[in-house]
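1. mind looking at a prediction? Sequence and model below.
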Amino acid sequence: MKISVIGCGYLGAVHAASMVQLGHDVVGVDVDERRVGLLNRARAPFYEPGFEDLLGTSLASGRLRFSADVADAAGSAVHFVCVGTPQKRGEYAADLRYVQAAVESLLSVLAPGELVAGKSTVPVGTAARLAELVEGKVPGALLAWNPEFLREGFAVQDTLHPDRLVYGLPAGPDGERARALLDEVYAPIVAAGTPQVVTDHATAEMVKTAANSFLATKISFINAMAELCEATGADVTQLADAIGHDDRIGRKFLNAGLGFGGGCLPKDIRAFMARAGELGADQALTFLREVDAINMRRRIRMVDLAREVCDGSLLGKRVAVLGAAFKPDSDDIRDSPALNVAAQLQLQGAVVRVTDPAALANSRAEWPHLDFADTPEEAAERADAVLLLTEWQQYRDLDPVAFGEVVARKRVLDGRNALDREAWTAAGWSYRALGRRAG
Ligand code: UGA
């Protein structure tokens with residue numbers, strides 16, 4: 001099939017290259033010419049394990065190219081819309097201008113019988129509005145919403161082997177036509193028995209925001225338990241293990257620590273609240289305010305804990321921060337809890353050095369007033385305290401004995417409950433973590 005992908009960020013670039021693996025002929029369109037140039041040279045514009053290899057093989061097949069001109073999308077049977085929906089400045093609502101622009105730009109190339117398939121995370125009601133626009137301008141063209149659930153760090157795996165396919169379709173025969181096109185796109189995934197949920201536009205849009213809200217709630221739930229554990233001397237990691245054995249609860253996304261960040265969970269719960277307000281149903285989601293508040297409190301608590309271990313004052317204390325990305329295996333620093341904490345420590349007078357295996361270039365560009373180091377050893381040189389804020393495997397694997405040689409004081413704060421407490425304390429470190437007793 002001939003397919004176009006509009007918007008080649010995380011979602012779109014991975015989707016475009018993956019669709020080639022499914023046997024299609026794909027053009028990825030993005031307004032950013034630099035990005036288009038990189039992608040055409042098989043260079044990933046972001047860090048994502050496995051993506052550059054996939055991009056290389058897909059380009060080598062001759063069935064993938066990237067372009068800055070939407071005219072190149074003409075003749076595609078399906079046009080995927082994969083642009084971003086960031087939070088509006090100063091508001092909770094999602095900024096839909098890129099989605100709107102993408103769909104409007106497609107109107108000039110769209111032909112009857114072709115399908116516009118939205119993948120971006122949008123407020124419920126967007127697809128119905130866009131469907132009217134598309135059908136009004138190009139009678140016979142179709143619009144479906146087909147949300148994406150990929151996680152950064154697992155983007156390739158999640159795209160090629162999703163745990164479900166969700167189709168939000170128009171009613172009647174148009175819906176049948178749209179479904180047939182999507183089934184053809186995903187034929188190998190459908191044939192593998194992947195569960196499909198075939199529904200209307202509104203449900204499909206809500207599936208995505210509901211899923212991210214649930215995940216955020218799960219994380220904030222365990223972080224609320226961590227607050228209680230701190231007040232009582234209980235251990236939140238054992239608590240999570242114990243309740244996680246109940247498969248109605250499950251252990252995944254119950255890792256207490258510094259909480260969630262990134263380009264999705266924080267803005268999606270806020271946009272969901274804003275949309276509920278517009279719909280007159282804001283009460284239904286007031287709990288998400290609490291989810292957000294618990295999450296932000298963890299950052300404050302981390303700063304407080306750092307001050308506490310630095311004998312009550314951060315002034316002039318050398319603090320090493322391990323991790324800048326919002327999560328491991330990513331160079332994404334959008335709403336990164338780690339950088340947020342690093343900046344607050346610096347504001348309070350600490351001499352902060354941040355390191356990260358992949359996110360240093362982005363961090364330097366966005367946070368020029370922070371000080372950065374290439375390695376954990378460099379960051380921790382003569383440090384009064386070491387904070388693990390993003391749980392990269394290389395930080396989990398640090399040898400506490402050797403690492404103890406570089407610091408001034410062996411004090412470690414494990415912001416992700418990721419280190420082996422016994423090994424670190426055995427090597428003479430004082431160990432503190434969110435939701436656990438001091439070690
Ligand atoms: C999230 C969802 O997991 C994806 O399913 C969704 O498709 C994506 O948003 C999206 O909307 O595009 P992602 O933002 O890549 O994916 O990251 P997650 O793996 O969900 O992690 C989010 C944050 O939660 C990270 O900061 C992570 O450190 C934190 N987290 C995660 C915890 O604090 N505790 C946990 O137990 C799990």
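-> That came through fine. Residues are numbered from 1 along each chain as shown.
2. return the distance of the longest helix seen in the chain from the chain's centre.
-> Once the chain is assigned using DSSP state H, the helix that runs over the most residues is helix 201-232. Relative to its parent chain, helix 201-232 has a centroid offset of 14 Å by CA atoms, centre = their mean, to the nearest Å.
3. whatever helix or strand comes next after it close to the ligand?
-> Proceeding N to C from helix 201-232, the next assigned helix or strand is helix 236-244, under DSSP states H and E. No - if you take CB under 6 Å from any ligand atom as the test, helix 236-244 misses the ligand, and the best it gets is 8.4 Å. Glycine gets a C-beta too; all of them are placed from N, C-alpha and C.
4. now for the longest helix of the chain, which elements pack on it?
-> Contacts defined by 3 or more CB pairs under 8 Å, 6 or more residues apart in numbering; DSSP states H and E place helix 201-232 against helix 126-137, strand 142-145, strand 165-169, strand 196-200, helix 236-244, helix 265-278, helix 286-309.
5. right, so these: which one is the most enclosed?
-> Most buried of the helices and strands packed on helix 201-232, by mean neighbour count (mean count of other CB atoms under 10 Å): strand 142-145, with a mean of 27.
6. about what we covered before: now the helices and strands packed on helix 201-232 as a markdown table including mean pLDDT?
-> Converted to a markdown table, these look like this (pLDDT from 0 to 100):
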| stretch | mean pLDDT |
| --- | --- |
| helix 126-137 | 97 |
| strand 142-145 | 98 |
| strand 165-169 | 98 |
| strand 196-200 | 98 |
| helix 236-244 | 98 |
| helix 265-278 | 97 |
| helix 286-309 | 98 |
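7. quick one: residues contacting residue 267.
-> Contacts for residue 267 (CB atoms under 8 Å, 6 or more residues apart in numbering) come out as 85-87, 94, 335.
8. 7 Å - rerun?
-> Counting by CB atoms under 7 Å, 6 or more residues apart in numbering, residue 267 touches 86-87, 94.
9. which of those are buried?
-> Buried members of the contacts of residue 267, counted by 16 or more other CB atoms under 10 Å: 87, 94.
10. pipe the contacts of residue 267 into JSON lines and attach pLDDT and distance to residue 1 per row.
-> Shown next, in JSON lines, are these (pLDDT from 0 to 100; distance: CB to CB, whole Å):
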{"residue": "86", "pLDDT": "94", "distance to residue 1": "30"}
{"residue": "87", "pLDDT": "93", "distance to residue 1": "34"}
{"residue": "94", "pLDDT": "95", "distance to residue 1": "30"}
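11. can you pull the residues of the chain lying near the ligand?
-> Counting by CB under 6 Å from any ligand atom, the chain sits next to the ligand at 121, 148-152, 212, 215, 219, 253-255, 257, 259-262, 264-265, 326-327.
12. which among the residues you listed end up buried?
-> The neighbour-count test (16+ other CB under 10 Å) marks 121, 148-150, 152, 212, 215, 219, 253-255, 257, 259-262, 264-265, 326-327 as buried among the residues of the chain next to the ligand.
13. please flag which of those residues sit within helices.
-> Using DSSP H, 212, 215, 219, 265 are the members of these that sit in helices.
14. okay, among those, which ones form the most distant pair?
-> By the measure CB to CB, 212 and 219 form the most distant pair in these, at 10.8 Å.
15. and the residue of the stretch 301-439 of the chain nearest the ligand?
-> Per CB to the nearest ligand atom, residue 327 is where the stretch 301-439 of the chain lies closest to the ligand, at 3.9 Å.
16. the stretch 1-150 of the chain now?
-> residue 149 (4.2 Å).
17. OK, contacts around that residue?
-> With CB under 7 Å, 6+ apart, residue 149 has these contacts: 158, 162, 211.
18. ok, for the single nearest residue of the stretch 51-200 of the chain relative to the ligand, nearest residue in space, not its chain neighbours?
-> Nearest residue of the stretch 51-200 of the chain to the ligand (CB to the nearest ligand atom) works out as residue 152 at 3.5 Å. Using CB to CB, 6 or more residues apart in numbering and skipping residues adjacent in sequence, the residue nearest residue 152 is residue 330, 4.5 Å away.
19. looks to me like that neighbour is in a strand.
-> No - if the criterion is DSSP: H, G, I helix; E, B strand; the rest coil, then residue 330 is coil and not within a strand.
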